[in-house]
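Q: with the sequence up front, the predicted model follows.
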Amino acid sequence: MQKRPLGPGAPNVSEMGFGGMPLSIQGRPSDEREAIRVLHAVLDAGVTLIDTADVYCLDDDDIGHNERLIAKALGSWSSGIGEQLVIATKGGLTRPEGRWERDAHPAKLRQACERSLQALGVERIDLYQLHAPDPKVPFAESVGALTELKEEGKIRWVGLSNVSVAEIQEAEQLVQVETVQNRLSPFFREALESGVARYCAHRGIGFLAYSPVGGGRLNKKLPDHPVLQPIAARHGISPHAVVLAWVMAQADSVIPIPGARTVEHALDSHAATSVRLSGDELAAIDATEFSTA
């Protein structure tokens, strides 16, 4: 698999990463061994960036489930962990009774980071991301907490998620921002329309595209999509993989992080790395409205 730069001070990583969330939220594999097989499959396919979060779990009583799962999978991976593998996690959300709520107070971020260190079984987290700005907390205070954690050696690189260009610029006044993780798919193009993806490309900041095939119910619309079907047939890949190839084509700094609950689904996604869409194919997808109804 080809590589892309992760960020200004970080190494190159696989041009497609893996998002661990589906393996730990509602609907996750009932057998943990299947989840570990999925993780081993993407690692064997050449993935060197795995994205997780403390809140990829069922509720606050299950915090850290995905981080612990990844640590377990890495511990049993036959090829062993190389220096090139980057594990990214996040803090700043909570899961009371299964809800998704924001809490990016500095003390809470520090507590979350300590908990993630333990769950991952590491002394330093590779990439620690603010999961989302908290309207109850000045943004600079949340970023400042991550800056302090970096200075203390508990995290190596700082990332942001669900942010605007203005928020990235504010954070850059405090710390080097390695990555930005925002939603990007043909269904949701706000990262392109708002200029966030373009700004990241200009600054050399890695853009981690989450929900790159729409997520949830929307990705079920892709197999029968009339624009995607002929493109998929020409390249011998699935419509899902076509969409991932479109996401990667938005900029060299864009790294999609699709998730999967099965080995088959995971490997189907990574078929996108073997093709490059033509200008006409990209234009056809650009011009198509993907309904979210």
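A: Thanks, I have the structure now.

Q: quick check: the nearest residue to residue 29 once chain neighbours are set aside vs residue 146, distance?
A: Spatially, and ignoring its direct neighbours in sequence, residue 29 is nearest to residue 35 (4.6 Å; Cβ to Cβ, 6 or more residues apart in numbering). Every C-beta, even on glycine, is put in place using the N, C-alpha and C of the backbone. According to Cβ to Cβ, to the nearest Å, residue 35 and residue 146 sit 28 Å apart.

Q: give me the below-cutoff pLDDT ranges for this structure.
A: Within the chain, the set of residues satisfying pLDDT under 70 comprises 80-83.

Q: which stretches in it count as strands?
A: Here the chain has its strands, by DSSP state E, at 3-5, 12-14, 18-19, 49-51, 86-91, 93-94, 101-102, 125-130, 155-161, 177-183, 206-210, 254-256.

Q: could you point out which of the ones you listed sits nearest residue 218?
A: Closest approach to residue 218 among the strands of the chain (Cβ to Cβ): strand 177-183, 11.2 Å.

Q: now do the same contact list for residue 163.
A: Applying Cβ atoms under 8 Å, 6 or more residues apart in numbering to residue 163 gives the contacts 130, 132-133, 171, 180, 182, 196.

Q: so which of these comes closest to residue 206?
A: residue 180 (7.5 Å).

Q: and that closest one, what are its bridge partners?
A: Going by DSSP bridges, residue 180 is paired in beta bridges with residue 160, residue 207.

Q: and what of residue 91?
A: On the basis of DSSP bridges, residue 91 is bridged to residue 130.

Q: residues contacting it?
A: Counted by Cβ under 8 Å, 6+ apart, residue 91 has contacts 53-54, 104, 108-109, 112-113, 116, 128-131.

Q: which of these sits closest to residue 159?
A: residue 129 (3.6 Å).

Q: can you tell me how far the closest one is from residue 71?
A: From residue 129 across to residue 71, the span is 18 Å (Cβ to Cβ).

Q: more crowded one of these two?
A: Neighbours per residue (other Cβ atoms under 10 Å) separate residue 129 from residue 71, with residue 129 holding more: 28 against 17.

Q: tally of neighbours for residue 132?
A: For residue 132, the number of neighbouring residues by other Cβ under 10 Å comes to 19.

Q: and what of residue 118?
A: Residue 118: 13 neighbours (other Cβ under 10 Å).

Q: repeat that for residue 214.
A: If we define neighbours as other Cβ under 10 Å, then residue 214 has 20 of them.

Q: same deal with residue 156?
A: Residues near residue 156, counting by other Cβ under 10 Å: 15.

Q: that one contacts residue 125, correct?
A: Yes - with contact defined as Cβ atoms under 8 Å, residue 156 reaches residue 125; the gap is 6.8 Å.

Q: now do the contacts for residue 212.
A: By Cβ under 8 Å, 6+ apart, the neighbours of residue 212 are 184-185, 243-244, 247, 256-258.
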